[in-house]
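Visitor: from the sequence below, what's the structure:
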Amino acid sequence: QLRAALIAAHPQYGQVDDVVAANADDVKALAGLGGATDKAPFGSAVADFYLTNPIARASAVMAECSAVAAGGYAQAAE
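Guide: Numbering: from 1, shown residues only. As a prediction, this is how the structure comes out:
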C-alpha cells in the first residue's frame, strides 16, 4: 500500500533499474531561485555517532564507546 501510494505520487519510483530523465524546465526553475551561500563548512547533524539509534542507546558497550569518544575515560600512564 505504501509503495503504491509512493508510485502514484512519484511515478519515477516505479521504474526499477532505470534512470529517469529530469525535466529541464524544473531544473532551470530551481537554478533561478538563487540566494546567497555561506562560506562556513558543513557540520555533522549527528551529535553522538555511538548513540544514534535505540539499540545502540540500550547497549552498555556503545555507551562506553560514546564515553571514550567524548574523552570520558583517561588512559592510565605506564
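Visitor: longest helix of the chain?
Guide: Determined from DSSP state H, the single longest helix within the chain is helix 60-69.
Visitor: who are the packing partners of that helix?
Guide: The helices and strands touching helix 60-69, judged by 3 or more Cβ pairs under 8 Å, 6 or more residues apart in numbering; DSSP states H and E, number zero. The C-beta positions use only the backbone N, C-alpha and C, and glycine is treated the same way.
Visitor: buried residues in that helix, which are they?
Guide: By 16 or more other Cβ atoms under 10 Å, the buried positions in helix 60-69 come out as M62, C65, S66.
Visitor: count the neighbours of the residue lying closest to the last one once chain neighbours are set aside for me.
Guide: If I follow you right, that is S66. Using Cβ to Cβ, 6 or more residues apart in numbering and skipping the chain neighbours, the partner closest in space to S66 is Y50 (3.9 Å). By the measure other Cβ atoms under 10 Å, the count of residues near Y50 is 18.
Visitor: ok, the closest residue to M62 other than its chain neighbours - how many residues close by?
Guide: Leaving out its chain neighbours, the residue that sits closest to M62 by Cβ to Cβ, 6+ apart is A56, at 4.3 Å. By other Cβ under 10 Å, 16 other residues sit near A56.
Visitor: these two touch, right, A56 and D48?
Guide: No. Contact criterion Cβ atoms under 8 Å: A56 and D48 do not qualify, at 9.2 Å.
Visitor: you'd agree the residue nearest to S66 is up against V61?
Guide: No. Using Cβ under 8 Å, Y50 makes no contact with V61, being 9.2 Å away.
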